[in-house]
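1. what would the 3D arrangement of this be:
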Amino acid sequence: WNALFIGTMHFMDRYNYDLSRIQRCCIHYATPDGKLIPFCTYNSGPVYREKVWSAHRK
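-> Here you go, the predicted structure:
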């Protein structure tokens, strides 16, 4: 399968984090251990991305 996903959404960081927008997020990252993390949360600060990367380094 070849696929290209292009997603656009309101930019959020730790200064304009919107919890109601996170709760409505319909795009998720699946981590290697099976957890689903909303796209908006995964990329909005040094929390999830770094934890996932450090936990699953080869």
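2. quick check: buried residues in the top helix by length along the chain?
-> Using DSSP state H to define each element, the chain has its longest helix at helix 48-55. With burial defined by 16 or more other CB atoms under 10 Å, the residues of helix 48-55 counted as buried are Tyr48, Val52. C-beta: built from backbone N, CA, C; applies to glycine.
3. kindly report the same for stretch 32-47.
-> So, applying 16+ other CB under 10 Å, buried residues of stretch 32-47: Ile37, Pro38, Cys40, Thr41, Tyr42, Asn43, Ser44.
4. mind checking how far Asn43 is from Phe11?
-> With distances taken as CB to CB, to the nearest Å, Asn43 is found 9 Å from Phe11.
5. then Val47?
-> 16 Å.
6. check Pro38 too.
-> From Pro38 across to Phe11, the span is 14 Å (CB to CB).
7. which parts of the protein are helices?
-> Counting by DSSP H, the chain has helices at residues 19-24, 39-42, 48-55.
8. now those in a markdown table, with distance to Asn2?
-> Formatted as a markdown table, these follow (distance: least, CB to CB, whole Å):
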| stretch | distance to Asn2 |
| --- | --- |
| helix 19-24 | 30 |
| helix 39-42 | 21 |
| helix 48-55 | 25 |
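9. out of those helices, flag the one nearest Asp33.
-> helix 48-55 (7.6 Å; CB to CB).
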